[in-house]
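Trainee: generate a structure from the sequence data that follows.
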Amino acid sequence: QPLKAMGRFNHEAAAVDPRTGIVYMTEDRGDSLFYRFIPNVPGDLIKGGRLQALAIKASPRYDSRNWVNPAMPLQQWLDASWIDLTDPESPEDDLRKRGYADGAALFARGEGIHWGDGELYFCCTNGGKKQLGQIMRYQPSASEGTEHEAAKPGRLQLFLESTDKSLFNFGDNLTVAPFGDLIVCEDQYTEVVDNHLRGVTPDGSVYPFARLHDQTELAGACFSPDGSTLFVNLYSPARTVA
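Mentor: Down below sits the predicted model:
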């Protein structure tokens, strides 16, 4: 069944806050938005709800991409607000354009998203001054999705912005490791593909976790429930390794 209330856009990935049932969604477009869906009945999405886009409080139409005039500072928290989106079925595929016109923030190709310990992380594949990739971090309000959240809003942080392709290049899917670091899959669009799994520590330091010798994308990194095994997919030829 199509979940039309959750919006027609270039859906990439989703994460659910287990506390509230709110679904957070990324959009794979160069002028993408970051969305949340507040279900009428948590866990039962077919019963509808409200679709919203993230904005930066007091800075409407904020551009987090940092492509031309870098404005979003590294690892500084910015208070968030959320804008209601009308006509989520969007037959003209203009949801992001209407949301931006109403004040929503822009992101550079939202990709993988993963829920951590009371917060989430998501990749922006070609964000940053050198367009090598960013990782965003969002901490929801204690009153997320209610009329009381404006008093103590959720907050957004540019957690990582790559300045060197040898460190981090085109992060795509990501997961939170049992030991607290992020594990990020690279998906490069270059003549010579040199994709890695990159580790990112809680202070934002990047290290190579593993290197893929094939010229293909890494995707879908995730850990077994007991945290003992990491699984990752190789795009072509299609394989899953542990």
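Trainee: what's opposite the residue nearest the centre of the chain in the beta bridge?
Mentor: Against the mean C-alpha coordinate of the chain, by C-alpha atoms, centre = their mean, the closest residue is Phe122 at 2.5 Å. Going by DSSP bridges, Phe122 is paired in beta bridges with Ile113, Met136.
Trainee: so it sits against Gly133, correct?
Mentor: No: Phe122 lies out of contact with Gly133 (C-beta atoms under 8 Å); the separation is 11.4 Å. Heads up, the C-betas are built off the backbone N, CA and C, glycines and all.
Trainee: circling back: so who does the residue nearest to the centre of the chain touch?
Mentor: Contacts for Phe122 (C-beta atoms under 8 Å, 6 or more residues apart in numbering) come out as 13, 15, 24, 26, 34, 110-114, 135-136, 138, 174.
Trainee: list the contacts of the closest residue to Lys130 other than its chain neighbours.
Mentor: Closest residue in space to Lys130, ignoring its immediate chain neighbours: Thr163 at 5.9 Å, by C-beta to C-beta, 6 or more residues apart in numbering. Taking C-beta under 8 Å, 6+ apart, we find Thr163 in contact with Gly128, Lys129, Lys130, Leu132.
Trainee: tell me the most packed of these, by neighbour count.
Mentor: Greatest neighbour count in those, by other C-beta atoms under 10 Å, goes to Gly128: 23 neighbours.
Trainee: ok, that residue to Val193 distance?
Mentor: Noted for Gly128: a distance of 20 Å to Val193, by C-beta to C-beta, to the nearest Å.
Trainee: count of residues packed around the closest residue to Ala177 other than its chain neighbours?
Mentor: Spatially, and ignoring its direct neighbours in sequence, Ala177 is nearest to Ile183 (5.3 Å; C-beta to C-beta, 6+ apart). A count of nearby residues for Ile183, using other C-beta under 10 Å, gives 23.
Trainee: do you know the pLDDT at Gln131?
Mentor: pLDDT, Gln131: 94.
Trainee: so who does the residue lying closest to it once chain neighbours are set aside touch?
Mentor: Residue nearest to Gln131 in three dimensions, not counting chain neighbours: Trp67, with 6.7 Å by C-beta to C-beta, 6+ apart. Neighbour list for Trp67: Ala108, Gly127, Gly128, Lys129, Gln131 [criterion: C-beta under 8 Å, 6+ apart].
Trainee: let's have those in a markdown table, adding distance to Asp203 and secondary structure.
Mentor: Output for the contacts of Trp67, formatted as a markdown table (distance: C-beta to C-beta, whole Å; DSSP: H, G, I helix; E, B strand; the rest coil):
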| residue | distance to Asp203 | secondary structure |
| --- | --- | --- |
| Ala108 | 23 | coil |
| Gly127 | 20 | coil |
| Gly128 | 18 | coil |
| Lys129 | 21 | coil |
| Gln131 | 24 | coil |
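Trainee: I appreciate the help and will end here.
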